[in-house]
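# predicted structure and sequence below. I'll ask about it afterward.
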Amino acid sequence: MAKVQKIKGFVDLFPEEAAKFSFMESQAREAFTRYGFGELRTPILEKTELFQKSIGEDTDVVGKEMFTFPDRKDRSLTMRPEATAGVVRAFIESKTHQPGKISKYFTFGPMFRYERPQKGRQRQFHQINAEIFGAPEAQADAELILMLRSFLNSLGLTKLTIELNSLGCHECRPTYKQALVDYYLSKDKEQFCEDCQRRMETNPLRVLDCKVPACKELVADAPNITDHLCDECETHFSDVKTILDGAGVAYELNPRLVRGLDYYVRTCFEVASYDIGSQTAVAGGGRYDGLIRNLGGPDCSATGFACGMERLALLLDQMELEKPDFYLAVVDNGAANEAMLFAQQLRDKGLKGETSFSGGSMKSRMRAANKTAAKVCLIMGGDELANKTITVKYMEEERDQETLDRAAYLASL
């Protein structure tokens, strides 16, 4: 029978790699709850129209990258390509919003996009998200950036660069879009890549974000959005910068920074790490005040960010797994049952470790103990079984092994 193999772009996370994801999640919980955020878990499957309405049908995500299929009643369903739309849908459906109320949520989980798999980017990938609903103030944007920096620092990532921009609002951005289109029309359209030629008509701001060298050169002198902000957007952006300056957060202004999804307004930001030498973008976010209303909810402001966990995992390659407390080596088959019961007593005490299920040579059992990197190797054979003792070999200390009464050893822990 032919082997069934995993789908391309989907990866198995064995204990060494899964430990990094667990570590990131625990650090995020600790950091985010300090800022008053609570965890929200949303479904992986959503109605396709949720993403069409929120992300935008003209985006690459909706047009090219979503895993979409009909269910048995011919309803179109999509495996979530990002988290924010689902969080907003849950928020609206819960009907918990009240004027003046601020809601803060964080989420973890897998997302799905059909794109070319590469290092740090798979078709099933994982994100950490944080969202604030009901806070139109610039202080909410600044708090998110401060919280994100605190979380990344807790992972040991300190060589960070933060890029910052304002995308304006629905009042001032149309004027800027027209200025962009006029600029593009002054160039030879055929010199732009095929995607940018399409974006000129559907989403002119995305042309600024193109990674194709020729396109980057063509837009080098394009107008800056920060020169077209209305007074309210200018004040909002100034307040964000003032708070970050006061908190000692270094950032770079990047007028070419835009988000890939249609629902962003005003503040947008991206965080990159240099902890592995070259620049690696690890998080990004911004404000999306109109999305909740556009999806049928209240007129409620919103801001948030997402972290790519696979990207972060690349930066945690040197992380060591926590060592087990013990390995219980059985060297006599007759002692296997008693050894299993003793190992359970150790676990009931809060210790972590494992035991061999049957007897074997001392050499093979010590080899197994060394592979686990356990702090101590506990040996049980015929003599230990008969005398109700345990032999303790200290794997990390220069101490002679000793044979102790089992009950006394348990009592000492």
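Looks like it came in fine. Numbering: from 1, shown residues only.
# going by C-alpha atoms from here, please, whenever you check contacts or count neighbours.
OK.
# quick one: low-confidence ranges for this structure?
Under the criterion pLDDT under 70, the flagged ranges of the chain are 58, 260-263, 276-279, 318-319.
# tell me where the longest helix sits in it.
Assignment by DSSP state H gives helix 15-33 as the longest helix of the chain.
# give me the buried positions along that one.
Under the neighbour-count criterion of 16 or more other Cα atoms under 10 Å, helix 15-33 has Glu17, Ala19, Lys20, Phe21, Met24, Glu25, Gln27, Ala28, Arg29, Ala31, Phe32 buried.
# for Tyr184, see how far away the third one is.
For Lys20, the distance to Tyr184 equals 45 Å [Cα to Cα, to the nearest Å].
# give me the contacts around stretch 42-50.
Applying Cα atoms under 8 Å, 6 or more residues apart in numbering, the external contacts of stretch 42-50 come out as 68, 75-80, 85-87, 89-90, 110-111, 295.
# 7 Å instead, please
In this structure, residues lying in contact with stretch 42-50 by Cα atoms under 7 Å, 6 or more residues apart in numbering are Ser76, Leu77, Thr78, Met79, Arg80, Ala85, Gly86, Val87.
# same thing with stretch 350-358?
Residues contacting stretch 350-358 (Cα under 7 Å, 6+ apart): Pro324, Asp325, Phe326, Tyr327, Leu328, Ala329, Val330, Asn333, Ala336, Met340, Ala343.
# distance to Cys169 added to the buried residues of helix 15-33, as CSV?
Below are the buried residues of helix 15-33 laid out as CSV (distance: Cα to Cα, whole Å):
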residue, distance to Cys169
Glu17, 41
Ala19, 41
Lys20, 38
Phe21, 36
Met24, 34
Glu25, 33
Gln27, 34
Ala28, 30
Arg29, 32
Ala31, 30
Phe32, 28
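# now, the contacts of stretch 42-50 that are in helices?
Ala85, Gly86, Val87.
# ok, now how distant is the residue lying closest to Leu208 once chain neighbours are set aside from Leu205?
Nearest residue to Leu208, sequence neighbours excluded (Cα to Cα, 6 or more residues apart in numbering): Arg256, at 5.7 Å. Distance of Arg256 to Leu205, given as Cα to Cα: 9 Å.
# Gly353 pairs with what?
Taking DSSP bridges as the rule, Gly353 bridges to Phe326.
# I misspoke; the intended subject was Asn165.
Assessed by DSSP bridges, Asn165 has beta-bridge partners Cys268.
# what does Ile390 give?
Beta-bridge partners, per DSSP bridges, of Ile390: Leu404.
# show me the contacts for it.
If a contact means Cα under 7 Å, 6+ apart, then Ile390 has Leu378, Ile379, Met380, Glu384, Thr403, Leu404, Asp405, Arg406 as its contacts.
# ok, of these, which come out buried?
For those, buried by 16+ other Cα under 10 Å: Leu378, Ile379, Met380, Glu384, Leu404, Arg406.
# okay, and which of those residues map to strands?
Within those, residues falling in strands by DSSP state E are Leu378, Ile379, Met380, Leu404.
# touching, the last one and Lys393? I think so.
No: here Leu404 does not reach Lys393: they are 11.0 Å apart, not a contact under Cα atoms under 7 Å.
# what residues are shared contacts of the two?
The contact sets of Leu404 and Lys393 do not overlap (Cα under 7 Å, 6+ apart).
# can you list the ones in helices among the contacts of stretch 42-50 in a markdown table and add neighbour count and distance to His236?
Below are the ones in helices among the contacts of stretch 42-50 laid out as a markdown table (neighbours: other Cα atoms under 10 Å; distance: Cα to Cα, whole Å):
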| residue | neighbour count | distance to His236 |
| --- | --- | --- |
| Ala85 | 22 | 24 |
| Gly86 | 22 | 27 |
| Val87 | 21 | 25 |
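# and the residues you listed, which is closest to Lys177?
Using Cα to Cα, Ala85 comes nearest to Lys177 of the ones in helices among the contacts of stretch 42-50, at 24.7 Å.
# that closest one contacts Gly56, correct?
No: in this structure, Ala85 is not within contact of Gly56 by Cα under 7 Å, at 11.1 Å.
# now distance to Ile132 too, for the contacts of stretch 42-50, in a markdown table please.
Putting these into a markdown table (distance: Cα to Cα, whole Å) gives the following:
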| residue | distance to Ile132 |
| --- | --- |
| Ser76 | 29 |
| Leu77 | 27 |
| Thr78 | 25 |
| Met79 | 24 |
| Arg80 | 20 |
| Ala85 | 13 |
| Gly86 | 14 |
| Val87 | 11 |
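# about what we covered before: as JSON lines, the buried ones among the contacts of Ile390 with distance to Lys95 would be great.
Output for the buried ones among the contacts of Ile390, formatted as JSON lines (distance: Cα to Cα, whole Å):
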{"residue": "Leu378", "distance to Lys95": "57"}
{"residue": "Ile379", "distance to Lys95": "60"}
{"residue": "Met380", "distance to Lys95": "61"}
{"residue": "Glu384", "distance to Lys95": "64"}
{"residue": "Leu404", "distance to Lys95": "63"}
{"residue": "Arg406", "distance to Lys95": "59"}
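# good, we can wrap up now.
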